[in-house]
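Have a look at this fold, sequence not included:
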């Protein structure tokens, strides 16, 4: 059975800085990295590297040199690009990323072709034989909702990474999701409460479950912790100990790995452990898609923990 990822693909321009720039201040970067990014692409790369089955990536690029480069990068990473659509009237997406010495980041996205989908979203055939479908919010909301509905109609379990968080229309998205995976900021945007500890994460997860998803996984960022609430039951995912240098791809690696684990029939606790290991390993390398770990690395971290 397959996994389908519907989402964004960007050219990432990442600069390393001592501290995040203040308004009106020009600062010097200590490093620069150009590469493949976009939450959809990162998650598709993660799923492709980790899965034992087929992974499809549904995304849009512009009719420009960046689009050609992005497709070549995806092909080089083994990602299935048969569902990659060229939007001739739009530029390809770009993300501007700052990473500071504590490995925290800020990201500004120019959506470009990623935001050019019609309200109908992608063709329903993209979800044929799909067991798990994975979505984010770097595509138009109406197109994303339409795609989620098509995935559910095909019998797929629907995972929504509610990022970047928006202030409107979230109830419609939550109604179509089986599983959501917010971090602290996204949980705050959804619930009005920013969880800073496990007890607060537990309460936020329970409140969000009441709005549609059967499973809510609240990730506590730098702490490496996660709390999951599923059908009235809750549990804590303890962090793996790694030396983090860059958190850019951590959440996307977590989500791609979660989709893989669930598509393989792992119970939720084992799936969370698998996803947490992938997210932890992604912090040990710089970049976005370049930092996504492979199956051997994830299995090794779990075995040695």
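Nice, thanks for sending it over. Just so we're clear, the structure is a prediction, and the values are computed from it rather than from any experiment.

Need the pLDDT of residue 233.
Listed pLDDT for residue 233 reads 87.

okay, now it: neighbour count?
10 (other CB atoms under 10 Å). Heads up, the C-betas are built off the backbone N, CA and C, glycines and all.

just residue 211 next, same as before
As a measure of burial, residue 211 has 16 neighbours, counting by other CB under 10 Å.

likewise residue 37?
31.

Next, the contact list for it, please.
Contacts for residue 37 (CB atoms under 8 Å, 6 or more residues apart in numbering) come out as 9-12, 95, 97, 248, 288-289.

Could you rerun that using 10 Å?
8-14, 45, 70, 73, 93-95, 97, 107, 109, 248-249, 252, 287-290 (CB atoms under 10 Å, 6 or more residues apart in numbering).

next one: residue 113
8-10, 59-64, 66-67, 70, 85-93, 139 are the contacts of residue 113 under CB under 10 Å, 6+ apart.

Can you tell me the SS state at it?
Classification of residue 113 using DSSP: H, G, I helix; E, B strand; the rest coil returns helix.

before we move on, what about residue 212?
Classified using three-state DSSP, residue 212 is coil.

I figured it hits residue 190, correct?
No. Using CB atoms under 10 Å, residue 212 is not in contact with residue 190, being 11.1 Å away.

okay, the two: which has more neighbours?
residue 190 (24 against 17).

what helix or strand is that one on?
Using DSSP states H and E, residue 190 maps to helix 184-191.

pLDDT on that helix, on average?
So the average pLDDT for helix 184-191 ends up being 94.

tell me which residues in that helix are buried?
184, 186-191 (16 or more other CB atoms under 10 Å).

Against which helices or strands is that helix packed?
Helix 184-191 is packed against helix 170-176, strand 179-180, helix 198-209, strand 215-219, with contacts defined by 3 or more CB pairs under 10 Å, 6 or more residues apart in numbering; DSSP states H and E.

In TSV: these, plus distance to residue 275 and mean neighbour count.
Formatted as TSV, those follow (distance: least, CB to CB, whole Å; neighbours: other CB atoms under 10 Å):
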stretch	distance to residue 275	mean neighbour count
helix 170-176	20	17
strand 179-180	11	26
helix 198-209	16	19
strand 215-219	8	27
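
Now distance to residue 54 and mean pLDDT too, for those, in a markdown table please.
Below are those laid out as a markdown table (distance: least, CB to CB, whole Å; pLDDT from 0 to 100):
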| stretch | distance to residue 54 | mean pLDDT |
| --- | --- | --- |
| helix 170-176 | 23 | 96 |
| strand 179-180 | 20 | 98 |
| helix 198-209 | 30 | 94 |
| strand 215-219 | 24 | 96 |
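
what's the first-to-last distance across stretch 189-204?
11 Å (CA to CA, to the nearest Å).

Where does pLDDT dip in this protein?
1, 222-223 (pLDDT under 70).

contacting residues for the residue most central in space within the chain?
A centroid search over the chain (CA atoms, centre = their mean) returns residue 252, at 3.4 Å, as the residue closest to the centre. Contacts were defined as CB under 10 Å, 6+ apart; by that measure residue 252 touches 5, 7, 37-47, 134, 136, 161, 163, 278-279, 282, 288-289, 291-292.
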